[in-house]
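K.L.:
Show me how the following folds:
(chains A, B, C and D)
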There are 2 protein chains.
Amino acid sequence: MNQASSNSNNNGAPSGGSGNAAGGAGSSPTFSPLYQQIKALITQSLQSGEWKPGELIPSEVELAGRFKVSQGTVRKAIDELAAENLVMRRQGKGTFVSTHHEARAHFRFLRLVPDEGVPHHPDNKLIEVKRMRAPAEVARLLDLKSGDAVVYIKRVMSFEGEPTILEEIWLPGLLFKGLTAERLIEYRGPMYGLFESEFGTRMIRATEKIRAIAADSTAAEFLHVKEGSPLLCAERVSFTYGDKAVELRRGLYLTAHHHYQNELS
Amino acid sequence: MNQASSNSNNNGAPSGGSGNAAGGAGSSPTFSPLYQQIKALITQSLQSGEWKPGELIPSEVELAGRFKVSQGTVRKAIDELAAENLVMRRQGKGTFVSTHHEARAHFRFLRLVPDEGVPHHPDNKLIEVKRMRAPAEVARLLDLKSGDAVVYIKRVMSFEGEPTILEEIWLPGLLFKGLTAERLIEYRGPMYGLFESEFGTRMIRATEKIRAIAADSTAAEFLHVKEGSPLLCAERVSFTYGDKAVELRRGLYLTAHHHYQNELS
DNA sequence: GAGTGGTCTAGACCACTAA
DNA sequence: TAGTGGTCTAGACCACTCA
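P.N.:
Below you'll find the predicted structure:
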């Protein structure tokens, strides 16, 4: 990978990662800057578990030596990984693999905050946990075949004793083999922390589609509102490394004393 | 600002920008890296109108010469400005001041997209435009005094002929002196483009609070739904340079065939 | 004091754009 | 062909953490 001397083309061995061969005849040979290749290599090590969530990864100097590039190139690769929340840098200490086991990470995906006062952690109450065959819609969103096994979870989350969120979750059965109600109950802390530690699946990013709907009888019962009351419906698909969908979540939010907080930038 | 020779402290003339003097006794002298100072200087030129939206700003080499720093330092400053959408870089051409007069910018703030098919531009119908005294709540959010003049706009936006958004907008009267219904009607294109071109106020970022509410009689009439139907309510505060609030917007979205699209990352 | 990430520089070459 | 942003390198010093 020595840039200055041995070539005038930085594609000695392309990383071959995410294909961007858009367009027609494949005569364009998939360029990518060196630092993107380094970034892909580091991401592979993260995905393979060579460095686990919460751990320290090798220093920039060490990685530069390993990959035979300059420290600046490694730095740029890590800069992007930090911007994507895959790692966290701490001056004087090193670079750490991000983890969902942090107070900070708690509200990265849960965007519902109280209208007044500071956010509190919700209490969870499991309603149902079972394994089932994926309905067509769930299978489509999780990139499974219709009828594949999925884990289904239904729960209510309360803030300060007030039931506020009714949530249904679907997970690919293959990835979450040993997931049972007991595991979910005994585990203290955020669900994504459990997924990360016990099942080796780390949620990286997600997309949400948000609508206003009327409460049906089930929602009305669990959230202590009248049938037909307006509820915010957030349908989330979460992705792990390689943009692979690994969770579907449908949350009904009671927004009488809370709101969904969003930043547009 | 010569770093290597003349000092061991990069704070010869601190930019004095955003104060981060957290904590107690003020013995810590407001550090900031050189590239942050450069970034502040460039931002000032953007804000003052030295370079107008859509225009080319000086090249990195030229700015480096002007500020007596290396090109790399200017690059890092511009990198951050590009990440914040204040400027756009184009290889081979230069760096341009961002503008709301682009198809791309259209959906940066309007996050409502159809459940099926590609997003279309909405049609606008003005319901009301007037000048009034700011209610307490509006004044608080816009950082005005209660009773200060504001411009009030009410409109309905339709997708493919279907009324979908009922929107109320409050703007500081001082900033938008000549804003009338006629100006709004005759102007083709996004409202933020008008604000930028005619009033010199560029929206940089915004925060939104989203809730589900029941349609009142007014909303029901304009959106052709029954009273009590669930609607998504998005309350937006938009900011210009220096994190100054310059717009309050309250939109009621009919989410029968559209949804609010969000990315969590 | 050793090691880490953070900043800054200077210079080289590349890819892209437009005259 | 000249000018722009994009990539890469090598080396220096700084701020921070911890033994």
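K.L.:
List phi and psi for the residue nearest the centre of chain A.
P.N.:
Residue closest to the average C-alpha location in chain A (C-alpha atoms, centre = their mean): A:Met203, at 2.3 Å. Backbone dihedrals for A:Met203, given as degrees, to the nearest 10, come out at phi -80, psi 130.
K.L.:
can you tell me which residues contact the nearest residue to it once chain neighbours are set aside?
P.N.:
Sequence neighbours aside, A:Ser238 is the residue nearest to A:Met203 in space, at 4.5 Å (criterion: C-beta to C-beta, 6 or more residues apart in numbering or on different chains). Where C-beta positions appear, they are placed from N, C-alpha and C, glycine not excepted. A:Ser238 makes contact with A:109, A:203-206, A:245-249 under the criterion C-beta atoms under 8 Å, 6 or more residues apart in numbering or on different chains.
K.L.:
again, but for A:Arg211
P.N.:
Contacts for A:Arg211 (C-beta under 8 Å, 6+ apart) come out as A:232-233, A:235, B:232, B:255, B:259-260.
K.L.:
Longest helix in chain A, please.
P.N.:
Assignment by DSSP state H gives helix A:34-48 as the longest helix of chain A.
K.L.:
chain center to that one, what's the gap?
P.N.:
Computed by C-alpha atoms, centre = their mean, to the nearest Å, the chain-centroid distance of helix A:34-48 equals 18 Å.
K.L.:
anything in it near DNA strand D?
P.N.:
Yes. Under the criterion of C-beta under 7 Å from any atom of the strand, DNA strand D is reached by helix A:34-48 at A:34-36.
K.L.:
Now name the helix or strand holding the residue nearest to A:Met203.
P.N.:
strand A:230-240 (DSSP states H and E).
K.L.:
after that strand comes which helix or strand?
P.N.:
Later in the chain than strand A:230-240, the nearest helix or strand by DSSP H and E is strand A:244-253.
K.L.:
The helix or strand that comes right after that following strand versus strand B:258-264: what angle between them?
P.N.:
Downstream of strand A:244-253, the next assigned helix or strand under DSSP H and E is strand A:258-264. Interaxial angle of strand A:258-264 relative to strand B:258-264 (axes from the mean of the first three to the mean of the last three C-alpha atoms, to 10 degrees): 70 degrees.
K.L.:
ok, strand A:258-264: who's next to it in the sheet?
P.N.:
Sheet pairing of strand A:258-264 (DSSP bridges) gives strand A:112-114 (antiparallel), strand B:205-214 (antiparallel).
K.L.:
Flag every buried residue along whichever helix or strand comes after the first one.
P.N.:
Scanning forward in sequence from strand A:112-114 by DSSP H and E, the next helix or strand is strand A:123-133. The neighbour-count criterion (16 or more other C-beta atoms under 10 Å in any protein chain shown) identifies A:124, A:129 as the buried residues of strand A:123-133.
K.L.:
The next helix or strand after strand A:123-133 packs against which elements?
P.N.:
Note on strand A:123-133: by DSSP H and E, the next helix or strand toward the C-terminus is helix A:136-142. Here helix A:136-142 touches strand A:162-172, strand A:244-253, going by 3 or more C-beta pairs under 8 Å, 6 or more residues apart in numbering or on different chains; DSSP states H and E.
K.L.:
Low-confidence stretches in the stretch 51-200 of chain A?
P.N.:
Along the stretch 51-200 of chain A, the model assigns pLDDT under 70 to no residue.
K.L.:
got the residues of it near DNA strand C?
P.N.:
Taking C-beta under 7 Å from any atom of the strand, the part of the stretch 51-200 of chain A that reaches DNA strand C is made up of A:57, A:59-62, A:72, A:75, A:89-95.
K.L.:
Intersect these with the contacts of DNA strand D.
P.N.:
Answer for these near DNA strand D (C-beta under 7 Å from any atom of the strand): A:72, A:90-93.
K.L.:
Do a quick rundown of the helices in the stretch 51-200 of chain A.
P.N.:
Assigned by DSSP state H, counting those that start in this stretch, the stretch 51-200 of chain A shows helices spanning A:60-67, A:71-83, A:103-109, A:136-142, A:181-186, A:191-199.
K.L.:
got those helices as CSV, with mean neighbour count columns?
P.N.:
Formatted as CSV, these follow (neighbours: other C-beta atoms under 10 Å in any protein chain shown):
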stretch, mean neighbour count
helix A:60-67, 15
helix A:71-83, 18
helix A:103-109, 15
helix A:136-142, 16
helix A:181-186, 12
helix A:191-199, 19
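K.L.:
could you list every residue that touches the residue in the stretch 151-265 of chain A that DNA strand D sits nearest to?
P.N.:
Distances between the stretch 151-265 of chain A and DNA strand D by C-beta to the nearest atom of the strand are smallest at A:Ser265, namely 19.3 Å. Counting by C-beta under 8 Å, 6+ apart, A:Ser265 makes contact with B:84-85, B:204-206.
K.L.:
Quickly list what the closest residue to A:Ala134 other than its chain neighbours is bridged to.
P.N.:
Nearest non-adjacent residue to A:Ala134, counting by C-beta to C-beta, 6+ apart: A:Val150, 4.5 Å away. Beta-bridge partners for A:Val150, by DSSP bridges, are A:Met132, A:Pro172.
K.L.:
correct me, but A:Val150 touches A:Leu175?
P.N.:
No. With contact defined as C-beta atoms under 8 Å, A:Val150 does not reach A:Leu175; the gap is 9.9 Å.
K.L.:
If you count surrounding residues, which of those two has more?
P.N.:
Between A:Val150 and A:Leu175, A:Val150 has the larger neighbour count (other C-beta atoms under 10 Å in any protein chain shown), namely 25 against 18.
K.L.:
per-domain residue ranges of chain A.
P.N.:
Here the domain parsing of chain A from automatic domain parsing is A:3-97, A:103-260.
K.L.:
so how far does the last one reach from one end to the other?
P.N.:
The reference is to domain A:103-260. Start to finish, the residues bounding domain A:103-260 are 19 Å apart (C-alpha to C-alpha, to the nearest Å).
K.L.:
now do stretch A:57-77
P.N.:
Terminal residues of stretch A:57-77 are spaced 13 Å apart (C-alpha to C-alpha).
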